[in-house]
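Colleague: Below: sequence and its predicted model.
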Amino acid sequence: MSIYVGNLSYQVTEEDLRMAFAEYGKVNRVQLPTDRETGRPRGFAFVEMESDAQETAAIEALDGAEWMGRDLKVNKAKPREERSPSRGSWGNNNRNNRRY
């Protein structure tokens, strides 16, 4: 199981998250996705802990809590959805991709 942590400050580090969640048990892994272009954190993270009981305790304690000036959104992470490959349209109804 993994925990989704949203509405994070852009200044947060993996070590900050590790320390915050360590209060509820052993942290096995922290993932802090960054923007490809800027390298800046994207405002969310995933935390994995040693047991489901520890993760549940962390979720209950931290969901809605203020941390680093932001109200956290903390819940069980949902499995990543498979996305189908794009076919050239970026939401523009193929207006720019028409062949005449």
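Modeller: That came in fine, so what should we check first?
Colleague: hey, which helix is longest across the protein?
Modeller: Ranked by number of residues, the top helix in the chain under DSSP state H is helix 52-62.
Colleague: what separates it from the chain centre, distance-wise?
Modeller: Computed by CA atoms, centre = their mean, to the nearest Å, the chain-centroid distance of helix 52-62 equals 16 Å.
Colleague: I'd say residue 28 and residue 54 touch.
Modeller: No: if you go by CB atoms under 8 Å, residue 28 and residue 54 don't touch, sitting 9.8 Å apart. Backbone N, C-alpha and C define where each C-beta goes, glycine included.
Colleague: picking up where we left off before, which residues touch the next helix-or-strand element following the longest helix of the chain?
Modeller: Using DSSP states H and E, the helix or strand that directly follows helix 52-62 along the chain is strand 66-67. Applying CB atoms under 8 Å, 6 or more residues apart in numbering, the external contacts of strand 66-67 come out as 9, 20, 72.
Colleague: need those in a markdown table with neighbour count, secondary structure and pLDDT, can you?
Modeller: Compiled in a markdown table, those are given as follows (neighbours: other CB atoms under 10 Å; DSSP: H, G, I helix; E, B strand; the rest coil; pLDDT from 0 to 100):
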| residue | neighbour count | secondary structure | pLDDT |
| --- | --- | --- | --- |
| 9 | 14 | coil | 95 |
| 20 | 21 | helix | 97 |
| 72 | 18 | coil | 98 |
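Colleague: residues in contact with residue 35?
Modeller: Contact analysis of residue 35 by CB under 8 Å, 6+ apart lists 41, 42.
Colleague: can we see that at 7 Å?
Modeller: Taking CB atoms under 7 Å, 6 or more residues apart in numbering, we find residue 35 in contact with residue 42.
Colleague: about what we covered before: dump the contacts of strand 66-67 to TSV, plus distance to residue 38.
Modeller: Compiled in TSV, those are given as follows (distance: CB to CB, whole Å):
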residue	distance to residue 38
9	15
20	24
72	22
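Colleague: any idea which of those residues is closest to residue 49?
Modeller: residue 20 (11.8 Å; CB to CB).
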